[in-house]
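Enquirer: sequence first, then the predicted structure:
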Amino acid sequence: MNWLKVIIASVFEVVWVIGLKHAVGVWMWAGTIFAIGISFYLMIMAGKRLPVGTVYAVFVGLGTVGTVLADIFLFGEPFQLSKLVLILLLLLGVIGLKVSTDKQKAKGVES
């Protein structure tokens, strides 16, 4: 459940990052501020139960991947193979952090 909070927080991160660039009216700015609040609230709640460093790395990693993909699919940013390779490398790192955190918990090591 806590990892789901991190994933949802990352989705809201993508929304507010896009909002920072594209918000033009009061309602768009209100939505951006709302997304910031939800994003950080969920990340903080997950950080109370999971290692904070891992939560933050996963949050930022997924947010970065989502933002790059949103740029490509929603805003016409040119697709580059190098971006895809780097996104996959970033995702591997994020998955590795989550797996190593789960292994530490299984061994009874708390961070």
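Expert: Happy to help now that I have it. This is a predicted model, so every value here is computed, not measured.
Enquirer: give the buried residues for the longest helix anywhere in the chain.
Expert: Identified as the longest helix of the chain according to DSSP state H is helix 81-106. By 16 or more other Cβ atoms under 10 Å, the buried positions in helix 81-106 come out as 87, 90, 94, 97-98, 101. (Glycine included, C-beta is placed from N, CA and C.)
Enquirer: in terms of secondary structure, what does that helix contact?
Expert: Counting contacts by 3 or more Cβ pairs under 8 Å, 6 or more residues apart in numbering; DSSP states H and E, helix 81-106 packs against helix 52-75.
Enquirer: coming back round to it: now the buried residues of helix 81-106 in a markdown table, with distance to residue 53?
Expert: A markdown table is the format used below for the buried residues of helix 81-106 (distance: Cβ to Cβ, whole Å):
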| residue | distance to residue 53 |
| --- | --- |
| 87 | 21 |
| 90 | 16 |
| 94 | 12 |
| 97 | 8 |
| 98 | 12 |
| 101 | 9 |
